[in-house]
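*Asks:* here are the coordinates; sequence isn't available:
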């Protein structure tokens with residue numbers, strides 16, 4: 001009952017629809033391409049330099065979680081025959097490409113860049129598709145990123161590194177295929193540049209792919225297990241999310257989150273996001289794959305379901321909640337298959353402002369989406385800035401080169417961002 005995916009959810013190599021689109025070796029300009037939006041709210045469309053068909057840039061995205069810089073990490077797991085790459089940009093104003101990171105030597109099929117997480121001068125990059133999987137840790141000195149250590153753990157097929165989340169001193173790594181797809185999460189602690197195993201979090205329940213999605217924030221960790229069944233015989237894919245807190249010496253389970261209305265196949269916890277006492281989890285197959293996101297609020301040590309977020313213009317097949325981000329009381333949910341023309345696959349970043357009641361915000365609308373670009377496959381946010389990945393976008397026509405939409409209401413204040421956007425798939 002997995003959602004339709006361009007990339008496999010198995011332990012095999014990364015799969016995509018590159019074959020249908022053709023692997024075109026068209027090269028873009030050597031500088032970062034910035035295309036201003038018209039009648040929309042995006043600041044620009046950012047395309048990393050020297051892309052090829054099948055790179056699928058923005059399959060994964062990260063912004064500095066410390067909000068101390070304007071750096072952005074973009075994962076390209078399809079680059080170099082699936083060896084993968086990561087591009088780091090400095091987006092203090094317009095985005096300038098700082099460095100392109102690649103595996104050396106290349107490891108075809110490793111999918112380096114399938115997950116990324118960024119905090120200050122440290123960057124974590126997952127490569128889950130070879131052996132047990134791995135995570136590479138990079139550290140920045142000035143504007144140069146250097147490999148510090150490669151983290152590995154587990155057995156072949158675990159997909160260690162499919163999800164990764166980083167805060168100063170700790171990194172969490174998901175291995176959702178381990179133990180027969182029960183899953184697990186590995187935590188590593190850092191001191192003076194040395195990363196050492198800290199704790200293993202086993203799946204609280206069987207069969208959920210625990211660790212499929214992760215969000216670290218401060219001393220709290222949110223873990224998605226979207227394939228967990230319900231209690232009834234024959235139940236499947238209801239999902240749950242689990243909150244852990246760091247006690248000073250160990251990570252301990254604080255709460256299990258599951259909406260009261262969750263149903264079989266909803267895949268609650270497919271994406272997760274956490275900021276302070278607000279937790280968000282996507283359920284992209286809910287309501288006949290229209291999808292939704294659920295918001296939970298913490299008070300003291302208790303968590304309560306606050307709201308279900310749905311798109312007023314949503315349709316079956318949108319998969320809202322495929323990706324998620326939260327900053328303060330603003331939530332963003334990606335629906336990469338959204339289209340008013342079924343099958344168009346333009347995608348969308350849907351923003352909600354809350355709390356009580358939560359309201360839709362048009363901040364995530366774009367001017368000229370491209371059919372098949374899959375906007376919202378990945379989302380990231382920091383402060384007032386939001387990113388939406390479009391890994392299916394091509395130069396002119398879909399080609400899975402990839403690009404990133406950048407949104408910032410402060411930067412758009414005196415532009416055309418107040419005008420009504422067109423239909424999401426109007427080309």
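*Replies:* Looks like it came in fine. Every value quoted in this text rests on a predicted model; they were computed, and no experiment measured them.

*Asks:* for the stretch 201-350 of the chain, just list every one of the helices.
*Replies:* Taking DSSP state H, counting those that start in this stretch to define them, one finds helices in the stretch 201-350 of the chain at 286-289.

*Asks:* pLDDT-wise, which helix or strand of this protein ranks last?
*Replies:* Least confident helix or strand, the chain: helix 18-21 with a mean of 25, by mean pLDDT, DSSP states H and E.

*Asks:* from residue 87, how far out is residue 50?
*Replies:* 9 Å (Cβ to Cβ, to the nearest Å). C-beta: built from backbone N, CA, C; applies to glycine.

*Asks:* give me the more crowded residue out of these two.
*Replies:* residue 87 (31 against 16; other Cβ atoms under 10 Å).

*Asks:* any idea which element the more buried one lies in?
*Replies:* Per DSSP states H and E: residue 87 is located in strand 85-90.

*Asks:* quick one: distance of that strand to the chain centre.
*Replies:* For strand 85-90, the separation from the chain centroid amounts to 15 Å (computed by Cα atoms, centre = their mean, to the nearest Å).

*Asks:* show me what it packs onto, helices and strands only.
*Replies:* Packing partners of strand 85-90 (3 or more Cβ pairs under 8 Å, 6 or more residues apart in numbering; DSSP states H and E): strand 71-76, strand 96-102, strand 122-127.

*Asks:* average pLDDT for that strand?
*Replies:* Strand 85-90 shows a mean pLDDT of 96.

*Asks:* and it with strand 96-102, angle?
*Replies:* Inter-element angle recorded for strand 85-90 and strand 96-102: 160 degrees (by axes from the mean of the first three to the mean of the last three Cα atoms, to 10 degrees).

*Asks:* related to what we said a few turns ago, what residues are shared contacts of residue 50 and residue 87?
*Replies:* residue 100 (Cβ atoms under 8 Å, 6 or more residues apart in numbering).

*Asks:* find the nearest non-adjacent residue to residue 145, please.
*Replies:* Distances taken as Cβ to Cβ, 6 or more residues apart in numbering place residue 138 nearest to residue 145, at 4.6 Å, with adjacent residues excluded.

*Asks:* just checking, that neighbour touches residue 102?
*Replies:* No: applying Cβ atoms under 8 Å, one finds residue 138 not in contact with residue 102, separated by 11.7 Å.

*Asks:* which one of these two has more residues nearby?
*Replies:* residue 138 (21 against 17).

*Asks:* quick one: pLDDT of the more buried one?
*Replies:* For residue 138, pLDDT reads 97.

*Asks:* that one: what's it in contact with?
*Replies:* Counting by Cβ under 8 Å, 6+ apart, the residues that residue 138 touches are 101, 122, 123, 124, 125, 145, 146, 147, 148.

*Asks:* ok, the last one - how many residues close by?
*Replies:* Applying other Cβ under 10 Å, we find 16 residues neighbouring residue 148.

*Asks:* secondary structure class for residue 388?
*Replies:* Counting by DSSP: H, G, I helix; E, B strand; the rest coil, the backbone at residue 388 sits in strand.

*Asks:* what is the neighbour count of it?
*Replies:* Counted with other Cβ under 10 Å, the neighbours of residue 388 add up to 32.

*Asks:* sorry, back to before: partners of the strand holding residue 87 in the sheet?
*Replies:* Pairing partners of strand 85-90, with direction, according to DSSP bridges: strand 71-76 (antiparallel), strand 96-102 (antiparallel).

*Asks:* measure how far the helix or strand following the longest one is from the centre of its chain, please.
*Replies:* To tie it back to what came earlier, the one meant is strand 96-102. Next helix or strand after strand 96-102 toward the C-terminus (DSSP H and E): strand 115-119. Taking Cα atoms, centre = their mean, one finds the center of strand 115-119 at 10 Å from the center of the full chain.

*Asks:* what's the angle from strand 115-119 to strand 71-76?
*Replies:* 170 degrees.

*Asks:* what's the angle from strand 115-119 to strand 122-127?
*Replies:* 170 degrees.

*Asks:* need the strands for the stretch 301-427 of the chain, in chain order.
*Replies:* Ranges of strands within the stretch 301-427 of the chain are 302-309, 323-327, 330-334, 349-353, 359-361, 379-382, 385-390, 403-407, based on DSSP state E, counting those that start in this stretch.

*Asks:* pairing partners for the second one, with directions?
*Replies:* Strands flanking strand 323-327 in the sheet, each with its direction: strand 330-334 (antiparallel) (DSSP bridges).

*Asks:* ok, and what's touching the partner strand?
*Replies:* Identification of contacts with strand 330-334 by Cβ under 8 Å, 6+ apart yields 271, 273, 280, 282, 291-293, 295, 309, 311, 320-326, 347-354, 358, 361, 364, 375-379, 381, 386, 388-389.

*Asks:* tell me how far stretch 45-65 lies from the chain's centre.
*Replies:* From the chain centre to the centre of stretch 45-65 is a distance of 12 Å (Cα atoms, centre = their mean).

*Asks:* what's the closest non-adjacent residue to residue 191?
*Replies:* According to Cβ to Cβ, 6+ apart, the nearest residue to residue 191 is residue 169 (7.7 Å).

*Asks:* can you check the pLDDT for the one you found?
*Replies:* Residue 169 carries a pLDDT value of 94.

*Asks:* same thing with residue 191?
*Replies:* With respect to pLDDT, residue 191 scores 89.

*Asks:* look up how far residue 140 lies from it.
*Replies:* Distance from residue 191 to residue 140, counting by Cβ to Cβ: 18 Å.

*Asks:* of those two, which one has the most company?
*Replies:* Shown here are residue 191 and residue 140; by other Cβ under 10 Å, residue 140 has more neighbours (18 against 8).

*Asks:* nearest spatial neighbour of that one, chain-adjacent residues omitted?
*Replies:* In this structure, residue 140 finds its nearest non-sequential neighbour in residue 121, 4.3 Å apart by Cβ to Cβ, 6+ apart.

*Asks:* what number of residues lie near that neighbour?
*Replies:* Residue neighbour count, defined by other Cβ under 10 Å, stands at 17 for residue 121.

*Asks:* so how far is residue 316 from it?
*Replies:* 44 Å.

*Asks:* picking that back up, and the contacts of residue 138, which are buried?
*Replies:* Among the contacts of residue 138, the ones that count as buried by 16 or more other Cβ atoms under 10 Å are 101, 122, 123, 124, 125, 145, 148.

*Asks:* how many residues are close by residue 277?
*Replies:* 13.

*Asks:* could I get the contacting residues of it?
*Replies:* Counted by Cβ under 8 Å, 6+ apart, residue 277 has contacts 297, 298, 299.
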